[in-house]
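Student: Return atomic coordinates for the entry below.
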Amino acid sequence: MTKEINQKTTTQDKVNTYESTASFLESLYKEIQILSKKKPDGTLNQHKVKIINRVLSDIKTMLRDEVGSKYLDLVNDEDLLQYSDVVIILSQYLVAMDKFRLRYSYMDDIDDINEDLRWLIR
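Tutor: Numbering: from 1, shown residues only. Just a heads-up that it's a prediction; the model follows:
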């Protein structure tokens, strides 16, 4: 049985970006969170900043038309930020990605046990 869904839609390009970046974002968040706990005052090097910003740039572009996008910043490559600062930035992106998924998708019951994520694409 299909659940009632909202009528908001997104594009296939945005869904593709979501699907290609979501797991990278989660992985980056977990890794930086671990580093933050090991070295609370540790700082990112330029290489890590470049890797993180590559993922965040794609996500920020995808979310540019969403309400909360104005709160999404890239990691500043001029200041060496502490790991804890980057955890906050990445957590904001995680929330924005979750809101995107909730707004433009729904779970469709395949049978009594399984569900499948469906996107609302225009």
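Student: burial measure for Asn48, as a count.
Tutor: Not Asn; residue 48 is Lys. As a burial measure, Lys48 scores 19 neighbours (other Cβ atoms under 10 Å). Just so you know, the C-beta spots here come from the backbone N, C-alpha and C atoms, and that holds for glycine as well.
Student: Relative to Arg118, how far out is it?
Tutor: Distance, Lys48 to Arg118, by Cβ to Cβ, to the nearest Å: 36 Å.
Student: What of Phe100?
Tutor: Distance from Phe100 to Arg118, counting by Cβ to Cβ: 14 Å.
Student: For those two, work out which one has more neighbours and name it.
Tutor: Neighbours were counted for Phe100 and for Arg118 using other Cβ under 10 Å; Phe100 has more, 22 against 14.
Student: That one is in contact with Leu63, isn't it?
Tutor: Yes: contact criterion Cβ atoms under 8 Å: Phe100 and Leu63 qualify, at 6.4 Å.
Student: distance of Val15 from Ser105?
Tutor: Separation of Val15 from Ser105 (Cβ to Cβ): 8 Å.
Student: Identify the contacts common to the two.
Tutor: Common contact partners of Val15 and Ser105 (Cβ atoms under 8 Å, 6 or more residues apart in numbering): Trp119.
Student: Alpha carbons of the helix or strand hosting Ile89, in PDB - could you do that?
Tutor: If you go by DSSP states H and E, Ile89 is part of helix 83-104. The C-alpha trace of helix 83-104 is given here as PDB (Å, rounded to 0.1, in the frame of the first residue of the first chain):
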ATOM      1  CA  TYR A  83      38.000  19.500  14.200                       C
ATOM      2  CA  SER A  84      35.100  20.500  16.500                       C
ATOM      3  CA  ASP A  85      34.300  23.500  14.200                       C
ATOM      4  CA  VAL A  86      34.100  21.200  11.200                       C
ATOM      5  CA  VAL A  87      31.900  18.800  13.100                       C
ATOM      6  CA  ILE A  88      29.400  21.600  13.400                       C
ATOM      7  CA  ILE A  89      29.600  22.500   9.700                       C
ATOM      8  CA  LEU A  90      29.200  18.900   8.700                       C
ATOM      9  CA  SER A  91      26.200  18.400  11.100                       C
ATOM     10  CA  GLN A  92      24.400  21.400   9.500                       C
ATOM     11  CA  TYR A  93      24.800  19.700   6.100                       C
ATOM     12  CA  LEU A  94      23.600  16.400   7.500                       C
ATOM     13  CA  VAL A  95      20.400  18.100   8.800                       C
ATOM     14  CA  ALA A  96      19.900  19.900   5.400                       C
ATOM     15  CA  MET A  97      20.300  16.600   3.600                       C
ATOM     16  CA  ASP A  98      17.800  14.900   5.900                       C
ATOM     17  CA  LYS A  99      15.300  17.600   5.300                       C
ATOM     18  CA  PHE A 100      15.800  17.300   1.600                       C
ATOM     19  CA  ARG A 101      15.200  13.500   1.700                       C
ATOM     20  CA  LEU A 102      12.100  14.000   3.900                       C
ATOM     21  CA  ARG A 103      10.600  16.700   1.700                       C
ATOM     22  CA  TYR A 104      11.100  15.000  -1.700                       C
END
